[in-house]
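S.K.: how would this look folded up:
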Amino acid sequence: MKTAILIPILIIGSVYHAFAQQSTKTRHMTISIIETYSGRGHDPNMFINRDDTAQVQKYVEFNLKVKAKDVEAAHENQIMKLLEPYYIDGWKLVTVSSAKILGDENVSRFFFTKDK
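M.R.: Next comes the predicted model:
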């Protein structure tokens, strides 16, 4: 009789303990880089949206003084330098999207998560 009562109590206790262990809170962050090409030059901006803070806007200047054949590689390298501090801080890249809007604007979005 005691074992018939003890076994369900142990099962319920172990199930509760297993679910209590999995209660991690995941934080989310989206970084948007908007690049505008106009007659006056290249004006990129970076917007950082996190679920625990208000939106932060930073001015980003791409300094692409390289040969024409190396422009794409230099551009990618500078984007990686912008995102590197977030990788070091433990953020994990989930998805990336890119779109061209209004003919002269490119938008790149990077969606990150981080377990607390």
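
S.K.: Now do the buried residues in stretch 47-60.
M.R.: By neighbour count on 16 or more other Cβ atoms under 10 Å, the buried set for stretch 47-60 is 48, 50. Where you see a C-beta, it was placed from the backbone N, CA and C, and this is true even at glycine.

S.K.: Can you give me the end-to-end span of that stretch?
M.R.: 10 Å (Cα to Cα, to the nearest Å).

S.K.: let's number from 367 now, not from 1
M.R.: Let's use 367 as the start, then, which means that last one is stretch 413-426.

S.K.: any residues touching that stretch, and which ones?
M.R.: With contact meaning Cβ atoms under 8 Å, 6 or more residues apart in numbering, stretch 413-426 is reached by 393, 394, 395, 396, 397, 398, 399, 400, 410, 411, 412, 448.

S.K.: With stretch 462-480 instead?
M.R.: Contacts with stretch 462-480, where a contact means Cβ under 8 Å, 6+ apart, come from 392-404, 445, 449, 452, 455-461.

S.K.: quick revisit: tell me which of the contacts of stretch 413-426 has the lowest pLDDT.
M.R.: In terms of pLDDT, the lowest of the contacts of stretch 413-426 is residue 410, showing 63.

S.K.: from the contacts of stretch 462-480, which ones fall inside strands?
M.R.: Members of these lying in strands (criterion: DSSP state E): 392-404, 458-461.

S.K.: What subset of those residues is buried?
M.R.: Burial by neighbour count, judged by 16+ other Cβ under 10 Å, picks out 395, 396, 397, 398, 399, 400, 401, 402 from those.

S.K.: can you pull out the strands in this structure?
M.R.: Going by DSSP E, the chain shows strands at 392-404, 407-416, 422-425, 458-467, 471-481.
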